[in-house]
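*Asks:* Test case, fold it:
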Amino acid sequence: MDLKSNHTSPVLADAAPMNNTRLGIHSALLPYPHSGSPFSPSLLLTIPRRRPGILDDVRSSLFDAMKSSSPTHEKFAKESSSETTLGDSNIAYCNWMLKYPSALASFDQIANSANGKRIALFLDYDGTLSPIVDNPDHAFMSNAMRAAVSNVAKYFPTAIISGRSRDKVYEFVGLTELYYAGSHGMDIMGPVRPSSSDHKNCVRSTDKQGKEVNLFQPASEFLPMINEVFRSLVEITKDIVGAKVENNKFCVSVHYRNVDEKSWTTVGQSVERILKEYPRLRLTHGRKVLEVRPVLNWDKGKAVEFLLESLGLTNCDDVLPIYVGDDRTDEDAFKVLREGNSGYGIIVSSVPKESSAFYSLRDPSEVMEFLKTLVMWKQKNTL
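*Replies:* Coordinates of the predicted model:
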């Protein structure tokens, strides 16, 4: 499958020599303060430097991506008012489901694959456990969903892997029995195992209940830079009506969901203007959000691999990882499971889209039903 990875998203790099000024870091911030082991150069991504004359192409690609991944409210309203268009849309979705069958309708097939195996469950948050909302601070999960996640975690090791900061997603979920990975997996709190402690930037810590855990933060040395970029983006977008900048600790999200489409170009140019001074940061995009992340060979797929190792579930024939997510950043995890032929990715979407997932669910309500079905299946098979 020809899948467009986030690593091919437009990257704004500069061919100028690398020095403290070009890194976009004030000298007062060097050397980077950090905890744990030194930063591992092996995690750095190799990205092409920008060639003269291609800036317009980069801008065009970015804005085209913003539009293609972010249909407007007006478009939805127009589609909903047309019976013919709506019918065509339903046909397209049904055809799409031939390639990505419903995880609910195909549950018996999933259960047959899981017989005699230990399931490890990984869940995105926004758009998966909670609905997509205009204000990202109001993306609350329902009490029914929280109960479903709590129940499934009683039977299977369960982790939330989100682009949000780890503290923010924990605040939304509020369940102590889960493992949490924030900032697209760049901030992981997981179980203590000797193997996971061997990783650089992995230190022993304690969670809110005082339980000993491993804290893995491969991008810890980027914190001063991320904080500086966050402040710059807040300042440069303050006059764009509807724009919201969110500090997710190891990445910065610029939300344009509430920005008039005519101003989307202004949002993109504002982010681009800041990033020109930070070649060690890259730009990726999701559903009406631009995300500034470190140029680091780490993503949600790597986070899944790390958590499986931390749980002692790697190199085991009796393990079935399942990852449920709705966004482009979840594709990294889907790809890991597909290429390793080790588990199932389940994409949450009400519209057709290309994916490396095996199965699909339409929306968070179907995700909740799937979690409940998993619990019932497990209870039935443990009697």
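*Asks:* Helix, strand, or coil at Ala120?
*Replies:* strand (DSSP: H, G, I helix; E, B strand; the rest coil).
*Asks:* which element is the nearest residue to it once chain neighbours are set aside on?
*Replies:* Nearest non-adjacent residue to Ala120, counting by CB to CB, 6 or more residues apart in numbering: Pro321, 4.7 Å away. The way it works is simple: take the backbone N, C-alpha and C, and place the C-beta from them, glycine included. Pro321 is part of strand 319-325 when elements are defined by DSSP states H and E.
*Asks:* mind giving me the domain split of the protein?
*Replies:* 85-185+300-381, 222-294 (the TED database).
*Asks:* Glu212: which of those is closest?
*Replies:* Between Glu212 and the domains of the chain, the tightest spacing by CB to CB is seen for domain 85-185+300-381, at 12.8 Å.
*Asks:* That closest one - what's its average pLDDT?
*Replies:* In this model, domain 85-185+300-381 has an average pLDDT of 95.
*Asks:* Over to stretch 256-264?
*Replies:* Mean predicted confidence for stretch 256-264 is 92.
*Asks:* helices or strands up against the strand holding Pro321?
*Replies:* helix 107-114, strand 118-123, helix 300-310, helix 331-339, strand 344-348 (3 or more CB pairs under 8 Å, 6 or more residues apart in numbering; DSSP states H and E).
*Asks:* swap the cut-off to 6 Å and go again
*Replies:* Applying 3 or more CB pairs under 6 Å, 6 or more residues apart in numbering; DSSP states H and E, we find strand 319-325 packed against strand 118-123, strand 344-348.
*Asks:* Those into JSON lines, with extra columns for mean neighbour count and distance to Ser360?
*Replies:* Formatted as JSON lines, these follow (neighbours: other CB atoms under 10 Å; distance: least, CB to CB, whole Å):
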{"stretch": "strand 118-123", "mean neighbour count": "22", "distance to Ser360": "15"}
{"stretch": "strand 344-348", "mean neighbour count": "26", "distance to Ser360": "5"}
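*Asks:* if I read this right, the residue nearest to Ala120 contacts Leu121, doesn't it?
*Replies:* No: using CB atoms under 6 Å, Pro321 is not in contact with Leu121; the gap is 7.9 Å.
*Asks:* circling back to that earlier point, is it possible to get a markdown table of the domains of the chain that adds distance to Lys208?
*Replies:* Shown next, in a markdown table, are these (distance: least, CB to CB, whole Å):
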| stretch | distance to Lys208 |
| --- | --- |
| domain 85-185+300-381 | 7 |
| domain 222-294 | 16 |
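*Asks:* between those, which gets nearest to Cys202?
*Replies:* domain 85-185+300-381 (8.8 Å).
*Asks:* before we move on, back to that, strand 344-348 and the strand holding Pro321, what's the angle between them?
*Replies:* Calculated by axes from the mean of the first three to the mean of the last three CA atoms, to 10 degrees, strand 319-325 forms an angle of 10 degrees with strand 344-348.
*Asks:* in its sheet, what does strand 319-325 sit against?
*Replies:* strand 118-123 (parallel), strand 344-348 (parallel) (DSSP bridges).
*Asks:* Of all the helices and strands packed on strand 319-325, which one is nearest Val304?
*Replies:* strand 118-123 (5.7 Å).
*Asks:* Name the next helix or strand downstream of the closest one, please.
*Replies:* Assigned by DSSP H and E, the successor of strand 118-123 is helix 143-153.
*Asks:* Make CSV out of the helices and strands packed on strand 319-325 and add distance to Val367.
*Replies:* Below are those laid out as CSV (distance: least, CB to CB, whole Å):
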stretch, distance to Val367
strand 118-123, 8
strand 344-348, 6
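*Asks:* right, and the ones you listed - which one's nearest Asp88?
*Replies:* strand 344-348 (21.2 Å).
*Asks:* could you give the angle of that closest one to helix 331-339?
*Replies:* 140 degrees.
*Asks:* Thank you, goodbye.
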